[in-house]
Structures are given as structure tokens and as C-alpha cells.
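S.K.: here is a sequence together with a model predicted from it:
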Amino acid sequence: MKQYVFTILLTAAITFVLSWAVWRLSLRYKLYPGIRDRDVHKTPTPRLGGIAMFLGVLAAFAVSSQHPFFAIIWTEPEQVFALLGATALIVVIGVLDDVWDLDWMIKLGAQFLAAGLIAWFGQLQIYTLPLGGMTISSWASFTLTVFSIVVVMNAVNFIDGLDGLVAGVCLIANVVFFAYSYMMVRDVGASTYFNLASFIAAVLIGVCIGFLPLNWSPARLFMGDAGALMLGLLMASSAIAITGNINPAMVVDNDEFGRSQLLGAFIPILLPVVVVLLPLLDFGLAVVRRMSKGKSPFSPDRRHLHHRMLDMGHSDRDAVLIFYAWTALVSLSVLLMYIGTTLEWPGDYLIGVAYGVVGIAACLVVTLLPSHRRAHLVDGAEHVDAVNDRPTGVLTAPRHDPAPAQEDAR
């Protein structure tokens, strides 16, 4: 564990320094786009933070190659190089899009190419399904892996619309996933706790910690498509690395209490999904919404979940904190259920269910409170600005004009 902590701290320090350097250089040489009508921010802000984040990832992998504790990661160097090569490709495409707004078909093609590099050359694939450890064919494995990586990349990119939103959500998600992957290798009896999935999660924790100070509201630096797509690619790859090659049924054994084998078999696959549940939900809703109107699923609009939070009367900072709370609630609930399946007492995983029920009630109150407040004010004689708390003659709109999807907004 100490080596993982060292990795997190080192990556965070390197990413912070590089982010500050990218920010200063961007300001000095005016490497930032102008303000567009659909943008939330009001001052020109650099969006090349993904470069600093990628360099932080490269630095962490370079150090690990010289570290004896992480030697197992480099026993198959082609897997690591394929992963880093795919990451570099997606970062380059992301930077070009941040500067010149590439056509969505070019971006999508590059995403499939990057995912293909990981699945084909890196041999990082989903080989089994949770239905009794069912093994799937090689082509089905390749196809499922590629589509999974592309979907997660776009899901993470779609929620990148508010200061600190993606960095914080991914920080929470990777902390939970790191704990899960660390415990899972213990439960299946692995000879070492060092593995690629846990290492990637630790690196991403460090990257998010290092980048967040410059990205917190009011943000001085945006990660852009380069950073958001990179986070999605690496998160999907780490989930595949730990769950795609292990039969989930190995994790849970029968005992005298008769714990649920079905639940125990599905949780190892379910948890990597729920840690990015909010991005996936937003992505799915956006695709259905746009295609139902005959539009491209990547066309911009202002109906993302974070835009709706602003429309409800939340400030952008409050909306971000509520997203943090929902991410922590959902991911920790399933993690506690997983921990429960390894305990030696009846009703083991019910603690995760109880935590989830109480947490959902609390989060719903916090999420819906502004809308109830606004409805109450509308019925009164005097209206109050729901964001700025000042009396007005009529009910005013939130102070920000929410932008369309972040992948097109910044």
C-alpha cells in the first residue's frame, strides 16, 4: 500500500506543477479560444490541461518501470505500451479538437482506433461474462472491449461542463475502484497486490488531485477533451484489466449462511460500471434525446444533467458538490455490498443497501430543494433570484447561461 500512496503523491505533485506551467504558458502566448455565446465562463480560459495530465501519467509509468515493486506490470511491456500509445493518440486528437473544433466523426474514429490498439495489441480485453464465468469468442471479446472503452470515454467527456466536475467525479470513482481492485486481488488469492488495474487507478487519483486546484471554481485551466477522454479511456482500461480476466464466481464461496452467489458473481462486474454511473446515464440520455430529434448523438445541447441542475436554481459550485455526493453514494453502496459478500455473518451485504437507501434520501432532498424553493417563491408576492438571494420584481433566471455539452462547449 505504501508504494501506491507514493505513486499517488508523486503523480499529484508532477501534475500540479505541469498544470501550473501549462496555465502560465497558455496565458503568456494566448493559447486559449475566445468566448462563445454558449460558453459558461466569462473570461478566456486555457483548455490545454489535458496535456499536463497526460505528462503526469507518463511520468508515473516511467517511474514504475524502474521500481521493483511494480515489476509485474512490466512483465508484458507490449500491454503497457499499447495503453500509453492509445492514450497519446486520444490526447493529441483532444488537443486538436480543443484548439480547432474537429468534426465529431474524426474524433469518434480516433476513439475507436485508440480502443482497438488497447484491445488488439495490448490484449486487454473482456474475456468472461458474469453469467457463470461464461467465456466469449475472441471477436466478441474484441468488439465488446472496444465499444466499452469508447462509451466510457464519451460518457466522461459529456459531463465535463462545470468547473471541477469531471476531476472530482473521477477522483471519487477511482478512489472507490482502487479499494475494490485492491480487495479483489486479495480475495482471489493473488500472489501480489501489485497489478495494472490498481496502478492505473492510483495514477488517476494522483492526476485528479494534482489538476483539481487549478480547475476548481473559478477555474483557471480546463482539461478540455484531451483530459476528459484520457480519463475515460484509462478508467475503462483499468476496469477491463481487473474484471475482464477474472471469473467473478471465484470471489465468493458458499458458507453456512448461504450468501447470495448470484449477487457475489455480479458485483465485480457491476462496481466498475456504477463508479461511472452518472456519466453513463448522462451519455445515454443525451444519445436518446438527440437521435429522437433526428440529430447526431454528438450534437451540442443544454439538456445535460449538470445544465438541468443549474436550471433548477443550483449555483454551479453547488451542482458540482451534489454530483460528488451522488457519485460517492452510488459507488460506495456497491463497494460495501461487495465487502459484505466476504463477511462471515448473515445479511452481510445489507449494510450497503441500508447506506444506499439513507444516502439516496439525503441526496434527493439536497438535489430537489432549490426547485421547491423556487416554486414557493413564485407563489409569493415578491420573487427572489434563486441563485443570488436578492429581491427582484420577477423571478430571474440563474446567473449563468448553461452551455451545451462540454465536449463542444470548451
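M.R.: Nice, thanks for sending it over.
S.K.: quick one: the most centrally placed residue in the chain from residue 303, how far?
M.R.: When CA atoms, centre = their mean is applied to the chain, the residue found nearest the centroid is residue 170 (3.9 Å). Per CB to CB, to the nearest Å, residue 170 is found 22 Å from residue 303. Placement of C-beta: from N, CA and C, glycine included.
S.K.: swap in residue 57?
M.R.: 32 Å.
S.K.: when these two are compared, which one has more neighbours?
M.R.: Legend: neighbour count by other CB atoms under 10 Å for residue 57 and residue 303, higher for residue 57 (26 against 15).
S.K.: check contacts around the nearest residue to that one once chain neighbours are set aside.
M.R.: Spatially, and ignoring its direct neighbours in sequence, residue 57 is nearest to residue 203 (5.8 Å; CB to CB, 6 or more residues apart in numbering). With contact set as CB atoms under 8 Å, 6 or more residues apart in numbering, residue 203 has these partners: 7, 8, 11, 56, 57, 60, 61, 234.
S.K.: these two touch, right, the fourth one and residue 210?
M.R.: Going back to what we said before, that points to residue 56. Yes - at 6.2 Å, residue 56 and residue 210 qualify as touching, with contact defined as CB atoms under 8 Å.
S.K.: residues shared between the contacts of these two?
M.R.: In contact with both residue 56 and residue 210: 11, 14, 15, 18, using CB under 8 Å, 6+ apart.
S.K.: can you give me the strands for the chain?
M.R.: 128-129, 134-135, 383-384, 391-392 (DSSP state E).
S.K.: residues near the closest residue to residue 22 other than its chain neighbours, how many?
M.R.: Closest residue in space to residue 22, ignoring its immediate chain neighbours: residue 52 at 4.6 Å, by CB to CB, 6+ apart. If you count neighbours by other CB under 10 Å, residue 52 ends up with 27.
S.K.: circling back to that earlier point, weed out the non-buried ones from the shared contacts of residue 56 and residue 210.
M.R.: Neighbour counting over these (16 or more other CB atoms under 10 Å) leaves 11, 14, 15, 18 as the buried ones.
S.K.: tell me the one of these nearest residue 176?
M.R.: Nearest to residue 176 among these: residue 11, at 17.9 Å, using CB to CB.
S.K.: quick one: the closest residue to the closest one other than its chain neighbours and residue 315, what's the gap?
M.R.: Once flanking residues are discounted, residue 11 sits nearest to residue 206: 2.8 Å by CB to CB, 6+ apart. Distance from residue 206 to residue 315, counting by CB to CB: 29 Å.
S.K.: and these two? which has more neighbours close in?
M.R.: Each of residue 206 and residue 315 has its neighbours counted (other CB under 10 Å); residue 206 has more, 29 against 19.
S.K.: residue contacts, that one?
M.R.: Contacts of residue 206 (CB under 8 Å, 6+ apart): 7, 8, 9, 10, 11, 12, 15, 56, 60.
S.K.: what are the buried residues along stretch 53-70?
M.R.: Buried-residue list, stretch 53-70, by 16+ other CB under 10 Å: 53, 54, 55, 56, 57, 58, 59, 60, 61, 64, 70.
S.K.: thinking again about what came up before, go ahead and confirm the residue nearest to the centre of the chain touches residue 200.
M.R.: No - using CB under 8 Å, residue 170 is not in contact with residue 200, being 11.9 Å away.
S.K.: can you check which residues contact both of the two?
M.R.: residue 235.
S.K.: what's the closest non-adjacent residue to residue 147?
M.R.: residue 115 (7.8 Å).
S.K.: and that neighbour, how far from residue 334?
M.R.: Counting by CB to CB, the gap from residue 115 to residue 334 is 25 Å.
S.K.: more neighbours: these two, which one.
M.R.: Using other CB under 10 Å as the criterion, residue 115 and residue 334 rank with residue 115 on top: 26 against 23.
S.K.: residues touching that one, list them.
M.R.: 86, 145, 146, 147, 149, 150, 153, 233.
S.K.: how much space separates the last one from residue 93?
M.R.: Relative to residue 93, residue 233 is positioned 11 Å away (CB to CB).
S.K.: between these two, which one's more packed in?
M.R.: residue 233 (25 against 22).
S.K.: OK, contacts around the more buried one?
M.R.: Contacts of residue 233 (CB under 8 Å, 6+ apart): 86, 87, 90, 114, 115, 118, 149, 152, 153.
S.K.: any idea how far the fourth one is from residue 100?
M.R.: What it means is residue 114. 19 Å.
S.K.: more crowded one of those two?
M.R.: Using other CB under 10 Å as the criterion, residue 114 and residue 100 rank with residue 114 on top: 27 against 9.
S.K.: how about the helices in the stretch 301-410 of the chain?
M.R.: For the stretch 301-410 of the chain, helices defined by DSSP state H, counting those that start in this stretch occupy the ranges 305-311, 316-340, 350-379, 406-409.
S.K.: which strands and helices sit next to the first one?
M.R.: What it means is helix 305-311. Contacts defined by 3 or more CB pairs under 8 Å, 6 or more residues apart in numbering; DSSP states H and E place helix 305-311 against helix 277-292, helix 316-340.
S.K.: quick check: which of these is nearest to residue 81?
M.R.: helix 277-292 (27.5 Å).
S.K.: and the closest one, what does it pack onto?
M.R.: Partner elements for helix 277-292 (3+ CB pairs under 8 Å, 6+ apart): helix 138-158, helix 305-311, helix 316-340.
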